[in-house]
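K.L.:
Requesting a structural model of the entry that follows:
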Amino acid sequence: MSRTAKTFFALSVLVATASIGGVHLLQQQERDTMYAGVIKDEARMAAKRQQKLRELEFEDQARKRAYLESLQGVSNPTGPAPPVKGDVPTSSEGMDFGCKTGMCERP
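P.N.:
Next up is the predicted model:
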């Protein structure tokens with residue numbers, strides 16, 4: 001085999017190896033980028049769930065406050081009452097006022 005053929009063959013192998021390696025690296029970067037998107041989506045969905053839980057807790061606290069204020073007026077309120085979605089409850093059924101011992105009275 002001539003020197004020119006050997007050189008051409010070596011360069012061909014080198015170019016093929018570099019091309020395969022480059023494609024492999026590009027695929028790895030794309031895979032990492034796509035996985036980072038999945039992680040971001042999971043974090044965004046978890047934040048949405050947390051926000052929804054906070055909103056539900058706020059609504060529950062607003063209902064409890066409205067119920068308790070309907071039983072006993074507040075002489076010096078610290079601020080306006082938060083809006084209550086739906087009707088103000090007329091009884092304490094279904095409300096948890098945080099009694100952990102079981103010995104406290106329900107309003």
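
K.L.:
Give me the mean pLDDT for the strand or helix carrying Phe8.
P.N.:
Assigned by DSSP states H and E, Phe8 falls within helix 3-71. Regarding helix 3-71, the rounded mean pLDDT is 94.

K.L.:
Same question for stretch 96-107.
P.N.:
Mean pLDDT, computed over stretch 96-107, is 62.

K.L.:
Count the neighbours of the residue lying closest to Glu69 once chain neighbours are set aside for me.
P.N.:
Leaving aside its chain neighbours, Glu69 sits nearest to Ala81 (6.7 Å; criterion: CB to CB, 6 or more residues apart in numbering). Every residue, glycine included, has its C-beta placed from N, CA and C. Using other CB atoms under 10 Å, Ala81 has 11 other residues around it.

K.L.:
contacting residues for Pro77?
P.N.:
Listed by CB atoms under 8 Å, 6 or more residues apart in numbering, Pro77 has no contact partners.
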